[in-house]
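In: one predicted model, sequence on top.
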Amino acid sequence: MAVMIKEPYHATFIHIPKNAGNTVSNWMRQNFVTQTTKRQQHSDVRLAQDMLGNLGWTFCVIRNPWDYAVSWYTFKIDVAKVRISMVKESPKLANSRKEKYNIEKQQNQIDRLEAEGFEGWLKRTNRGTQYSWAKDCDYWIRLENLSEDFKEVQRHLNCFEELGHANKTRNRTSYKDYYTSQELIDIVAKKWKVDIDAFGYDF
C-alpha cells in the first residue's frame, strides 16, 4: 500500500509489509488528508506512481532481514489465531465464503507452521526482498531506530504529533532466539543478500 498526502506538503509513504506500515499509515491519516492505493495492498514506487501520479517525497521503513523473517513467521501464526477468535466471538462469520473465516483451515495453518517450526518455514519461504520496495524511495527509516528516524518525516511534513504503535506482534522474544544454528543465519544471509548489502545489516 502507498499513502500519499498533497497538502500542505507533498509526500508518500511506501508500505513494506511487516515494517510498521500500519503505525505510519495511521499517523498520516490522523494528521492529513490522504490518498491510498486500492488495486494492490503493497505497492512500490512505480506502482504507486501509476495509481496516484506524482508522489512527491517518498519514504519507507526497512528492517533487519533476520528480524524480518521471524516477524513473517510469527505473523502467519498470530493472524490465524486472531481469525479463529473472531469466528468464535461472532459465529455468523463462519457462514462467510471467505477462507479466513474457516476455523478448520486456520487451525490447520497453525498446526502446519508450528509443526515445521521456524526452521522449516524459513527453508521453504520465497518471501521477497525489502529492497524491491525501498530502492526508489528518497528516505529509509530503520525500524530499529523508528522513533528517532521518524523525526525526519515529522520535520519534512512539519507535524510533530506522536507516532503511536499499531499491530505489535504479541508474545515474541528477540529474533535472535529463533536462530538456533549457523545454518539458519546463513539461509537469511543468502535469501535476503540484496537487503543486507543495500541496508548494511548484520546478524
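Out: Noted; the coordinates are in hand.
In: name the residues of stretch 75-87 that come out as buried.
Out: 77-78, 80, 83-84, 87 (16 or more other C-beta atoms under 10 Å). C-beta here means a position set from N, CA and C on the backbone, and glycine is covered the same way.
In: can you tell me the average pLDDT over it?
Out: The pLDDT scores in stretch 75-87 average 94.
In: gap between the helix or strand that contains I196 and the chain center?
Out: I196 belongs to helix 193-199 when assigned by DSSP states H and E. The chain centre lies 17 Å from the centre of helix 193-199; the measure is C-alpha atoms, centre = their mean, to the nearest Å.
In: on that earlier part again, closest to S71 out of the buried residues of stretch 75-87?
Out: D78 (10.0 Å; C-beta to C-beta).
In: identify each buried residue in the lowest-mean-pLDDT helix or strand in the chain, please.
Out: For the chain, counting by mean pLDDT, DSSP states H and E, helix 45-52 ranks last in confidence among helices and strands (a mean of 87). Neighbour-count burial for helix 45-52, counted by 16+ other C-beta under 10 Å, picks out 45, 47-49, 51-52.
In: list the contacts of the biggest helix by length in the chain.
Out: In the chain, with assignment by DSSP state H, the single longest helix is helix 65-89. For helix 65-89, the surrounding residues in contact (C-beta atoms under 8 Å, 6 or more residues apart in numbering) are 18-19, 63, 93-94, 100-101, 103, 106-107, 109-110, 113-114, 118, 121-122, 125, 127, 130, 143-144, 169-170, 172, 175-176, 178-179, 185, 188, 191-192, 195-196, 199, 201, 203.
In: that older thread, tell me what the helix holding I196 is packed against?
Out: Helices and strands touching helix 193-199, by 3 or more C-beta pairs under 8 Å, 6 or more residues apart in numbering; DSSP states H and E, are helix 65-89, helix 131-134.
In: return the alpha-carbon coordinates of the strand ranked longest in the chain using PDB.
Out: Longest strand in the chain by number of residues (criterion: DSSP state E): strand 57-62. The C-alpha coordinates for strand 57-62 follow below in PDB (Å, rounded to 0.1, in the frame of the first residue of the first chain):
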ATOM      1  CA  TRP A  57       9.000  13.000  -1.400                       C
ATOM      2  CA  THR A  58       8.900   9.200  -0.700                       C
ATOM      3  CA  PHE A  59       9.800   7.200   2.300                       C
ATOM      4  CA  CYS A  60       9.500   3.700   3.800                       C
ATOM      5  CA  VAL A  61      10.500   1.600   6.800                       C
ATOM      6  CA  ILE A  62      13.200  -1.100   6.500                       C
END
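In: as CSV, the buried residues of stretch 75-87 with distance to K6 would be great.
Out: What follows is those, written out as CSV (distance: C-beta to C-beta, whole Å):
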residue, distance to K6
I77, 39
D78, 35
A80, 38
R83, 36
I84, 41
V87, 40
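In: from those residues, which two are the most distant?
Out: I77 and V87 (16.5 Å).
In: of the contacts of helix 65-89, buried ones?
Out: By 16+ other C-beta under 10 Å, these give 18-19, 63, 93, 100-101, 103, 106, 109-110, 113, 118, 121-122, 127, 130, 143, 175, 178-179, 188, 191-192, 195-196, 199, 201, 203 as buried.
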